[in-house]
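Engineer: Task: produce atomic coordinates for the following.
(2 chains)
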Amino acid sequence: MTSALNPKYSFDSFVVGAANRLAVTAGRTVAESPGAAYNPLFIYSGSGLGKTHLLMAVGHAAKRAAPKLNIEYLTLDEYVEAFHASVAAGQGDAFRRRFQNVDVLLVDDVQFLTNRKEMQSELLRLTEALQAAGRQIVLTSDRPPPDIADLDERLISRLSGGLVVDMGTPDYETRVAILRRKAEERGARFEPGVLETVAQAEVGNVRELMGALNRLVAFQAVNDTSINAETVKQILGLVGEEGGAAPPGDGRTPAAAKGGKAGGTGGGDEFGEFLADVTVTVGKAVEAWRARVGEAVLRWEGEGYRTHRLEALLQRDAPAAVDAAIAAFAEDVERLKALEEEVAELDPQAAGQSVFRDPERLSEAEDAAAKVRGGAAPPPGPSAAFPLAAFAVGPSNQVAVSAARAALERPGKKYNPLVLVGKSGLGKTHLLNAIGLELTRGKRAVVACLSTQAFIDELIAAIDGDRVDWWRARYRRATALLLDDIHLLAGKERTQEELFNLFNLLQDKDRQLVFTAPAHPNTLSGLEERIVSRLEGGLVAELKEPDRDVKRAVLERLLAQQSTNPEPALIDYLADRPTDSVRSLVGLLQRVVGAAAAQDGPLSAGLAREVLEGQAPRDTRRGSGFRASGLVVSSLGGIKSREKVVWDWVDAADRVIEDFR
Amino acid sequence: MSLVNFTTREITCKIVYYGPGRSGKTTNLHYIYGRVPDSRRGRMVSLATQTDRTLFFDFLPIDLGQISGFSTRFQLYTVPGQVYYNATRRLVLQGADGVVFVGDSQARQLDENLESLQNLQSNLLEHGVDIRTIPLVLQYNKQDLPRELILPPADLDDALNFRGVPSFGADALHGRGVFESLKGISELVLKKLATGTTA
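Structural biologist: Numbering: from 1, shown residues only, chains lettered A, B, ... in the order given. You can find the predicted model right below:
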């Protein structure tokens, strides 16, 4: 609430001159014996002449003399704010008590009491209380109490009752002293006569003087040349001594003044004016590039990029094509951004490298990005063996297929995730891969389509090889993730964790997710609740036992592959046979085909009837290792599901067929 | 040519007064010459025929002294206006930082103005400079002539100033508009400094 005393503002750093000697003496006296000498002490002066400095100096000196004193410095605005806050909090009394316990109260800028009746009475009360308790109060203002508009008479008399002193503009000697001291503080050295020249300028207050000094310091630092008394005037835009003082910045130079004289009449003035104009324009233009470079440095630094290159530019005197340099820099930064973004997608950790923040190391950044790019091979894609066109559609799987088509129309937006459920051998894998294939047609599509088991195995390998980040990055790139047999996640906690994160990330980016499972997700055991709920969050579409249409379509496709010419009755016969899955239908067909091959006879309905009805139906058992999809699952895939593995060969005929394939 | 040399801390501006014959280019330079203090101007070089027509070119160097720590020089050139001195014009135009096109306000000279402006464009192009990028101001001289003989600046703007560059009505003989034009072009030229180019 109250400002701390600025340690720079002490009596030691206050330059005393004729104009402020009285005020300083009064201040010192008050600091040495607070409450005893002038109470209240009221100091006024124009802006920038050291009121705040003196006020704080009093505080410092008082503190030094008696460290236990409770000293408060605040501006009137802060005082008002504090008051309002306390009143709002119903703590008005606490506020008063607080200030009544202050030993030395320093209030800055009390001229803002104008139009604040309430604060005036508050201050009046406080002043009375402090005075009565023998505590010191020092106030500053830019005008004497009676001149503060709309100020309560009582307050005026109260404030005028102590000592009212003013501080004037510093005289020439004081100005030189101030300049010398400030230059010394900044460690700036000037040639003899420089500061004197500055001091000759008739400035309104010390702040302007500091401004002039700052310009000199900056000029000297930037140009690396020392300034002499003559150039000072040019830098500060002062006219020559003979012309007397002029307000700074009128753009006239000694040259202009001389030009005026040489030209004599009005004609000369034309040249002088011209020169003045040119001077202003040149001044702006010459320094403008520095400003622009500075802006660029600030901007890019703010965004976290290293800016040596631009800073180096500032060090130089001859910056060829500054704008081109800035533009080139910006271009490099843009490139870095693009690289970083790309890398972040592939490998978030790699994106944190500092190389992506330093345009000087752009080529390194390119290399790093290339490395990440190369490292992050695309995740396994869908198998080309399962085109959507080859998927047999019938009433039994109509729902799932139309859901798939809808998802393909607007990937990631319509049904996300899409979960295909159904018993084994109904074509889930086929449909999944078909969706994957369709998705890969998209522009820049990276479709990850694999079995859950492969997914798990990859993760294990990645953990083993200590490159989980790389593994994650591969999948994070994916524009679609399709996992077959999601129930295999059961008990794989780490994979579930990874999938959960990946799921969220991809779903957030509207990327299509498709899963298959043997049953509705909420009936699968071993899956974490959060996974299950996410799976249920999209559409769960079921594939049912194949209907006649589907069966016919499958048979036609398979027989077409046999390149034999089966009689239509065979298809009818097989399609009518009860089968609970496409896979068992394929099994039936294989047996018929095998028998036909063994007999070297034609494929006919009669043969089929003979083969299939001549022995006990074996539909209830998994007769062959074929998947409806025809996909041969590699043992490396680590298929552990009972459904995926042929556990026992039923008979030699089946075996022969398997070998034949 | 180097406009701003940060190493030697010099600024040199080459300004060319261009325009049809007898439009008052040399008059501009003479007026300026007369107003620049002796210490600030170099010798005005004028290669003229006996009838005071510019034969080759006029050259007036002006030293503006130290400005913002740069020793600043302006070099003012005129070109011969007559059509048959085109090679000279092209030569003078080389390396110009800015062009003051001095047009003749007389109504009957309008075609000459247009022709000269086109000539300026093609000559600049020969140096690989696009007239749209070089600082250019138009000065409509001889505005002191009787009203019935001349076109007002607004009409001349319509006819000539299709690029919307700064334009000045002038009476070079008596000095009206001369320094205004020079200031105008200087400002444009020096603003090019802001791009920080050292060509």
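Engineer: Helices of the stretch 201-350 of chain A, start to end?
Structural biologist: A:206-223, A:229-236, A:254-263, A:266-302, A:308-315, A:322-346, A:348-351 (DSSP state H, counting those that start in this stretch).
Engineer: So, low pLDDT: which residues of chain B?
Structural biologist: The model of chain B has pLDDT under 70 over residues B:1-8, B:48-55, B:68-69, B:193-199.
Engineer: swap the cut-off to 80 and go again
Structural biologist: Along chain B, the model assigns pLDDT under 80 to residues B:1-10, B:43-57, B:66-70, B:83, B:191-199.
Engineer: For it, which segments are assigned as helices?
Structural biologist: Ranges of helices within chain B are B:25-35, B:86-93, B:110-126, B:153-160, B:178-191, based on DSSP state H.
Engineer: related to what we said a few turns ago, lowest mean pLDDT across the helices of the stretch 201-350 of chain A, which one is that?
Structural biologist: Note on the helices of the stretch 201-350 of chain A: lowest mean pLDDT is at helix A:254-263, with a mean of 36.
Engineer: If we ignore the residues flanking it in sequence, what's nearest the residue of the stretch 501-650 of chain A found nearest chain B?
Structural biologist: Per C-beta to the nearest C-beta, A:K509 is where the stretch 501-650 of chain A lies closest to chain B, at 42.7 Å. All C-beta atoms are positioned from the backbone trio N, CA, C, and that covers glycine. Leaving out its chain neighbours, the residue that sits closest to A:K509 by C-beta to C-beta, 6 or more residues apart in numbering or on different chains is A:G412, at 7.6 Å.
Engineer: contacting residues for that neighbour?
Structural biologist: By C-beta atoms under 8 Å, 6 or more residues apart in numbering or on different chains, the contact set of A:G412 is A:A480, A:Q507, A:K509, A:D510, A:R511, A:Q512, A:L513.
Engineer: And the longest strand along chain B, what does it pack against?
Structural biologist: For chain B, the longest strand by residue count, based on DSSP state E, is strand B:54-67. Other elements packing on strand B:54-67 under the criterion 3 or more C-beta pairs under 8 Å, 6 or more residues apart in numbering or on different chains; DSSP states H and E are helix A:229-236, helix A:254-263, helix A:266-302, helix B:25-35, strand B:45-48, strand B:70-78, helix B:86-93.
Engineer: can you put these in TSV and add distance to B:K183 and mean neighbour count?
Structural biologist: Output for those, formatted as TSV (distance: least, C-beta to C-beta, whole Å; neighbours: other C-beta atoms under 10 Å in any protein chain shown):
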stretch	distance to B:K183	mean neighbour count
helix A:229-236	20	20
helix A:254-263	13	20
helix A:266-302	5	19
helix B:25-35	11	23
strand B:45-48	23	14
strand B:70-78	11	22
helix B:86-93	21	17
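Engineer: out of those, nearest to B:A170?
Structural biologist: Counting by C-beta to C-beta, B:A170 lies closest to helix B:25-35 out of these; the figure is 7.8 Å.
Engineer: quick one: that closest one to helix B:178-191, angle?
Structural biologist: With axes from the mean of the first three to the mean of the last three C-alpha atoms, to 10 degrees defining the directions, helix B:25-35 sits at 90 degrees from helix B:178-191.
Engineer: packing partners for helix B:25-35?
Structural biologist: Under the contact rule (3+ C-beta pairs under 8 Å, 6+ apart), helix B:25-35 is packed against helix A:266-302, strand B:10-18, strand B:54-67, strand B:70-78, strand B:98-104, strand B:136-141, helix B:178-191.
Engineer: Of all these, which one is nearest A:A365?
Structural biologist: Among the helices and strands packed on helix B:25-35, the nearest to A:A365 by C-beta to C-beta is helix A:266-302 (15.0 Å).
Engineer: Which strand or helix spans the residue of the stretch 1-150 of chain A found nearest chain B?
Structural biologist: Residue nearest to chain B within the stretch 1-150 of chain A: A:G48 (26.5 Å; C-beta to the nearest C-beta). Remark: A:G48 resides in no helix or strand, with elements defined by DSSP states H and E.
Engineer: My read is that it contacts A:I178, right?
Structural biologist: No. Between A:G48 and A:I178 there is no contact under C-beta atoms under 8 Å: 11.5 Å.
Engineer: picking up where we left off before, and the residue of the stretch 1-150 of chain A closest to chain B, what does it touch?
Structural biologist: A:G204, A:N205, A:V206, A:R207, A:E208.
Engineer: List only those of the residues you listed flagged as buried.
Structural biologist: Among these, the ones that count as buried by 16 or more other C-beta atoms under 10 Å in any protein chain shown are A:N205, A:V206, A:E208.
Engineer: who touches the first one in this structure?
Structural biologist: What it means is A:N205. So A:N205 contacts A:G46, A:S47, A:G48, A:L49, A:T169 (C-beta under 8 Å, 6+ apart).
Engineer: per-domain residue ranges of chain A.
Structural biologist: For chain A, automatic domain parsing gives the domain ranges A:21-167, A:251-375, A:388-543, A:548-660.
Engineer: Let me have the contacts of A:N205 in a markdown table, extended by pLDDT and distance to A:A403.
Structural biologist: A markdown table is the format used below for these (pLDDT from 0 to 100; distance: C-beta to C-beta, whole Å):
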| residue | pLDDT | distance to A:A403 |
| --- | --- | --- |
| A:G46 | 85 | 81 |
| A:S47 | 83 | 76 |
| A:G48 | 83 | 76 |
| A:L49 | 86 | 81 |
| A:T169 | 83 | 86 |
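Engineer: which of the residues you listed has the most neighbours?
Structural biologist: Neighbour counts for the contacts of A:N205, by other C-beta atoms under 10 Å in any protein chain shown, peak at A:L49, which reaches 24 neighbours.
Engineer: Quick check, it in contact with A:D166.
Structural biologist: No. Taking contacts as C-beta under 8 Å, A:L49 lies outside contact range of A:D166: 9.2 Å.
Engineer: B:S105 and B:H30, how far apart?
Structural biologist: 19 Å (C-beta to C-beta, to the nearest Å).
Engineer: Ignore what I typed, I meant A:L489.
Structural biologist: Counting by C-beta to C-beta - A:L489 and B:H30 are separated by 95 Å.
Engineer: which residues of chain A fall in strands?
Structural biologist: Under DSSP E, chain A gives strands at A:41-45, A:71-75, A:104-108, A:136-141, A:163-167, A:418-422, A:447-451, A:480-484, A:512-517, A:539-543.
Engineer: Reformat the ones you listed as TSV; add distance to chain B and mean neighbour count.
Structural biologist: Converted to TSV, the strands of chain A look like this (distance: least, C-beta to the nearest C-beta, whole Å; neighbours: other C-beta atoms under 10 Å in any protein chain shown):
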stretch	distance to chain B	mean neighbour count
strand A:41-45	34	25
strand A:71-75	39	21
strand A:104-108	38	25
strand A:136-141	39	26
strand A:163-167	35	20
strand A:418-422	58	25
strand A:447-451	50	25
strand A:480-484	50	27
strand A:512-517	51	28
strand A:539-543	60	21
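Engineer: May I have stretch A:364-374 as CSV, with CA atoms only?
Structural biologist: Presented in CSV, the C-alpha positions along stretch A:364-374 are these (Å, rounded to 0.1, in the frame of the first residue of the first chain):
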residue,chain,number,x,y,z
GLU,A,364,21.5,-27.2,-36.6
ALA,A,365,17.8,-26.9,-36.0
GLU,A,366,17.2,-28.2,-39.5
ASP,A,367,19.4,-31.2,-38.8
ALA,A,368,17.7,-31.9,-35.5
ALA,A,369,14.4,-31.7,-37.1
ALA,A,370,15.5,-34.0,-39.9
LYS,A,371,16.7,-36.4,-37.3
VAL,A,372,13.5,-36.4,-35.5
ARG,A,373,11.6,-36.7,-38.7
GLY,A,374,13.8,-39.6,-39.8
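Engineer: All set, thanks.
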